[in-house]
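Asker: Okay, sequence plus prediction incoming.
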Amino acid sequence: MVAKLQAVRGMNDLLPAASPRWRGAEQRLQAVLARYGYEEIRLPLVEPTELFARTIGEVTDIVEKEMYTFQDRNGDSLTLRPEGTAGVVRAGIEHGLFQGQLLRLWYQGPMFRHERPQRGRYRQFHQLGAECFGSAEPELDAELIAMTAQFWRELGLSGLRLEINSLGSREARAAYRDRLQAYFRDHQAALDADSLRRLDTNPLRILDSKNPDLAALIAAAPSLPEHLDADSRAHFERLCALLDALGVAYTVNPRLVRGLDYYGRTVFEWVTDTLGAQGTVCAGGRYDTLVEQLGGRPTPAIGFALGLERLLDLLAACGVDPATPGEIWYLVSAPGACRAQAMVLAQQLRAAADAPTVLLDHSAGNFGKQVQRADKAGARVALILGEDELAGGTITVRMLRATRTTQETVPRDAIHATVTRLAAQERP
Ligand code: HAM
């Protein structure tokens, strides 16, 4: 027996029943991005492996164990992108986009991480991300975070909470890292295997541990805010004041460190309790030194990415349907000359820029069956073209969603006016 072919584990098909909700959500997010001046950038799904090792960091979970890396036929090591920021920075340097002025970019598409699949965590997932280059001022942090708050308002979502923190300068973080390492070394016997592994390479990540046995130890660990350099502290205080002024509520979470190496200063996450363990819907932060580190001119930057699967899951859990239902007109006709005329008519109707979806019944069924199918397809209007209509150059317009059936036979150039008039009569 031939083995049944299936999608790769952790990689989902997006079926037609779900795509209107996805498209609706994406359109609303994109409309907000446009209002804030963000322009779209589309990038390859595959990049040189080295790009991710040098940006996300050699000793992060992503680079250590989650990347889809392979050799192509030339023997080059390539990787399916696990996130979008690295590619945006690479492209910005390559095409000379960083010229000192503000540059606001957004992207959307699949990302790949070989994680253990569960609700909200997939191996191919979709992000919508935004990156703002060219200013280190906290005003940009506040503007970007306020934009994400606007996303939720636009979608009618509540119940997401914003957590923010500052990681400080590179030097301050290095000093803090040493303090933290010394602290956890002193308590080495209490650490689990994962934390022991991180102790030498990335002790900040121990703070992220979800192991309840470590909670007390982590709570008593030296705290990052106490190690902030003065400039970063002032930057963070200004950001907090701006968020207050903008009416964006937040909590400062001193344990928020994020899992990618490129961050410094501001980091933030939008979190919900509704989705279980994978409750971070949107996350980001500053990465002021990354462009320079990859060979570009010094260009401070901040950005975020939101997980579309998690967002759509949250929308469903909150009973919000972002789909904008489309209008369907359904052409019912007798076979032969009537069908041919109906095809011509459908083609003419679809030519208008604001045309509804026009479906033509291609079956040999009688009018009753065709109208039933029109109903099932969700059509609001049936356009009936039988022998009488063919001979008279007319069409019968029937409103399918009215409480009582209304229909009229009219000249074919009066279809739109008739639909509008009959629709108006439907309203009480
Ligand atoms: P990240 O925290 O790795 O950040 O991912 C951002 C978001 O992508 C997460 O909060 C989550 O919603 C979603 N996500 C991540 N992994 C998965 C997964 N396996 N399955 C489903 N959803 C997932 C970044 O990727 C940074 N590039 C964000 C950024 C942009 N920072 C600055 N600019």
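Answerer: On my side now, so go ahead.
Asker: Show me which residues of the stretch 251-400 of the chain are close to the ligand?
Answerer: For the stretch 251-400 of the chain, the residues in contact with the ligand (Cβ under 6 Å from any ligand atom) are 260, 280-285, 303-307, 309-310. C-beta: built from backbone N, CA, C; applies to glycine.
Asker: can you tell me the helix or strand for the closest residue to G365 other than its chain neighbours?
Answerer: Spatially, and ignoring its direct neighbours in sequence, G365 is nearest to R373 (7.5 Å; Cβ to Cβ, 6 or more residues apart in numbering). If you go by DSSP states H and E, R373 is part of helix 367-376.
Asker: ok, now A86?
Answerer: Per DSSP H and E, A86 falls inside helix 85-94.
Asker: Contacts for that helix next, please.
Answerer: Contacts with helix 85-94, where a contact means Cβ atoms under 8 Å, 6 or more residues apart in numbering, come from 41, 43-44, 47, 51-52, 55-56, 81, 97-98, 103, 105, 107, 129, 131, 133, 260, 262, 287, 290-291, 294-296, 299, 301, 303, 305.
Asker: gap between stretch 260-280 and the chain center?
Answerer: Mean-position distance between stretch 260-280 and its chain equals 14 Å (Cα atoms, centre = their mean, to the nearest Å).
Asker: Next, the buried residues of that stretch.
Answerer: Counting neighbours by 16 or more other Cβ atoms under 10 Å, one finds that the buried residues in stretch 260-280 are 260-272, 275, 278-280.
Asker: Point me to the helix or strand that includes the residue sitting furthest away from the middle of the chain.
Answerer: The C-alpha centroid of the chain is most remote from A391, which lies 53.0 Å away (Cα atoms, centre = their mean). In this assignment (DSSP H and E), A391 forms part of helix 387-392.
Asker: Pull out the buried positions in that helix.
Answerer: Buried residues in helix 387-392 (16+ other Cβ under 10 Å): 389-390.
Asker: Repeat that for stretch 116-131.
Answerer: So stretch 116-131, judged by 16+ other Cβ under 10 Å, has buried residues 120-131.
Asker: Next: stretch 135-144.
Answerer: For stretch 135-144, the neighbour count (16+ other Cβ under 10 Å) marks 135-136, 138, 140-144 as buried.
Asker: Check stretch 344-361 too.
Answerer: Within stretch 344-361, the residues that count as buried by 16+ other Cβ under 10 Å are 345-346, 349, 356, 358-361.
Asker: That stretch spans what distance, first to last residue?
Answerer: Distance between the two ends of stretch 344-361: 13 Å, counting by Cα to Cα, to the nearest Å.
Asker: So for it, mean pLDDT?
Answerer: Mean per-residue pLDDT for stretch 344-361: 95.
Asker: All further residue positions should be reported with the first residue as 43.
Answerer: Sure, I'll start counting at 43 from here, so that last one is stretch 386-403.
Asker: and L170, what are its phi and psi?
Answerer: Backbone torsions for L170, taken as degrees, to the nearest 10, come to phi -110, psi 120.
Asker: wait, doesn't it sit right on L354?
Answerer: No - here L170 lies out of contact with L354, judged by Cβ atoms under 8 Å, at a distance of 11.3 Å.
Asker: Just give me the neighbour total for the nearest residue to R454 once chain neighbours are set aside.
Answerer: Nearest residue to R454, sequence neighbours excluded (Cβ to Cβ, 6+ apart): I437, at 5.0 Å. Around I437 there are 25 other residues, counting by other Cβ atoms under 10 Å.
Asker: before we move on, what about L464?
Answerer: 18.
Asker: how close does G142 sit to the ligand?
Answerer: Remark: distance between G142 and the ligand (Cβ to the nearest ligand atom, to the nearest Å) = 20 Å.
Asker: How many residues are close by that residue?
Answerer: Using other Cβ under 10 Å, G142 is surrounded by 10 other residues.
Asker: And the pLDDT for the nearest residue to it once chain neighbours are set aside?
Answerer: Distance criterion Cβ to Cβ, 6+ apart; nearest residue to G142, sequence neighbours excluded, is G176 at 6.5 Å. On pLDDT, G176 comes in at 98.
Asker: Please report the distance of G176 from L284.
Answerer: From G176 across to L284, the span is 18 Å (Cβ to Cβ, to the nearest Å).
Asker: that older thread, could you list which of the residues of the stretch 293-442 of the chain next to the ligand belong to strands?
Answerer: 322-327, 345-349 (DSSP state E).
Asker: so where's the chain uncertain?
Answerer: In the predicted model of the chain, residues 43, 470 satisfy pLDDT under 70.
Asker: show me where the stretch 143-292 of the chain has helices.
Answerer: Secondary structure of the stretch 143-292 of the chain (DSSP state H, counting those that start in this stretch): helices at 180-197, 212-228, 235-243, 257-261, 272-288.
Asker: buried residues in the last one?
Answerer: Within helix 272-288, the residues that qualify as buried by neighbour count (16+ other Cβ under 10 Å) are 274, 277-278, 281-282, 284-285.
Asker: Which SSE is immediately downstream of that helix?
Answerer: Next along the chain after helix 272-288, taking DSSP H and E as the criterion, comes strand 293-294.
Asker: Helix or strand next in line after that following strand, which one?
Answerer: Going down the chain from strand 293-294, the next helix or strand is strand 308-313, by DSSP H and E.
Asker: That following strand pairs with which strands, and in what direction?
Answerer: The strands beside strand 308-313 in its sheet (DSSP bridges) come out as strand 203-208 (antiparallel), strand 322-328 (antiparallel).
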